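Chemist: Show me how the following folds:
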Amino acid sequence: MAIDREALAGFLRLRRDSLQPEDVGLHRGQRRRTEGLRREEVAALSHMSADYYARLERGDGPLPSEQMIAAIAQGLHLTIDERDHLFRLAGHEPPPRGGAGDHIGPGMLRIFDRLGDTPAEIVSELGETLRQTPLGIALTGDTASLRGPERSIGYRWFSDPRTRELYAEDEHDYLSRLWVSGLREVIARRGPRSRAAAIADDLHAQSAEFREIWETHEVGLRPRETKRFVHPDLGALELTCQSLLDPEQSQALLVYTAIPGSESHEKLRMLSALAPRLAV
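Modeler: Below is the predicted model:
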């Protein structure tokens, strides 16, 4: 596929002009005159230089990589259809939809962007953290920055013993069964050549516990609504986990809250003092 520079530039300008700062979690300044987002704002949201993005909008930039296009699609809060269109304009085949993709839909992002004072994260069907709020990082650590199979909490659960330190010890057996059950269900949906199957093969080679649980063929386990964490600074927390599902992308927004007046509720307030330091 060949890049259509003129159409790509026009589409980028149109989408940028249609977005307002509050649509993407930014504050609107009192002296703001721009109708939509500024180019430098889109560049920052897409984790690239303002000059690079500006050249794409002018139609004279370099051939963008798939990674760059994916970042721009996320920064502009594109729908999945708009993302696919952007890829084709840039001369690339769109990435697969569903569980194999990391693109987060604009509706879920709009909700996520308003949860700055709450522990929350967006996760894939493999338990990969795609986005975290600052309080989410303070609660579970910066798991969104991980890459490779380590992105999956199910993989880390069996490959890195430190992962279990964050959870109440008497929950470990159930959580082990939960991760294996969930992975088996994803493999059934995605097939033997999926990333889920590759993770299972890797864990078979690494973990005797994983192999033992796998042989039970247990499916249908679901996460418990109450999560019992053991935070390294605050100790035990009992939090309620509410989830919002995006079935098209097989992603979930997880929001953690505590019962008002409880000890865990007070600890969540203390967690906010740790968030700026831990979220850097």
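Chemist: Would you indicate which residues of stretch 24-31 are buried?
Modeler: Along stretch 24-31, these residues count as buried under the neighbour rule (16 or more other Cβ atoms under 10 Å): Val24, Leu26. Placement of C-beta: from N, CA and C, glycine included.
Chemist: Give me the contacts around that stretch.
Modeler: Residues from elsewhere that reach stretch 24-31 (Cβ atoms under 8 Å, 6 or more residues apart in numbering): Gln20, Pro21, Glu22, Leu37, Glu41, Leu45, Gly75, His77, Leu109, Asp113, Arg114, Gly116.
Chemist: Tell me where this protein has strands.
Modeler: For the chain, the strands defined by DSSP state E cover 120-124, 129-132, 226-231, 235-246, 251-257.
Chemist: The contacts of stretch 24-31 into JSON lines, with extra columns for pLDDT and neighbour count?
Modeler: Formatted as JSON lines, the contacts of stretch 24-31 follow (pLDDT from 0 to 100; neighbours: other Cβ atoms under 10 Å):
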{"residue": "Gln20", "pLDDT": "88", "neighbour count": "14"}
{"residue": "Pro21", "pLDDT": "87", "neighbour count": "16"}
{"residue": "Glu22", "pLDDT": "84", "neighbour count": "12"}
{"residue": "Leu37", "pLDDT": "91", "neighbour count": "24"}
{"residue": "Glu41", "pLDDT": "93", "neighbour count": "19"}
{"residue": "Leu45", "pLDDT": "93", "neighbour count": "20"}
{"residue": "Gly75", "pLDDT": "94", "neighbour count": "22"}
{"residue": "His77", "pLDDT": "94", "neighbour count": "23"}
{"residue": "Leu109", "pLDDT": "92", "neighbour count": "18"}
{"residue": "Asp113", "pLDDT": "89", "neighbour count": "16"}
{"residue": "Arg114", "pLDDT": "89", "neighbour count": "13"}
{"residue": "Gly116", "pLDDT": "86", "neighbour count": "12"}
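Chemist: and those residues as a markdown table, adding distance to Leu239?
Modeler: A markdown table is the format used below for the contacts of stretch 24-31 (distance: Cβ to Cβ, whole Å):
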| residue | distance to Leu239 |
| --- | --- |
| Gln20 | 33 |
| Pro21 | 31 |
| Glu22 | 28 |
| Leu37 | 34 |
| Glu41 | 33 |
| Leu45 | 29 |
| Gly75 | 30 |
| His77 | 28 |
| Leu109 | 23 |
| Asp113 | 21 |
| Arg114 | 19 |
| Gly116 | 17 |
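Chemist: Determine which two of those residues are furthest apart.
Modeler: Greatest spacing in those, by Cβ to Cβ: Leu37 and Gly116 (18.9 Å).
Chemist: Pick the most deeply packed of the strands of the chain.
Modeler: Comparing these by mean neighbour count (mean count of other Cβ atoms under 10 Å), strand 120-124 comes out on top with a mean of 24.
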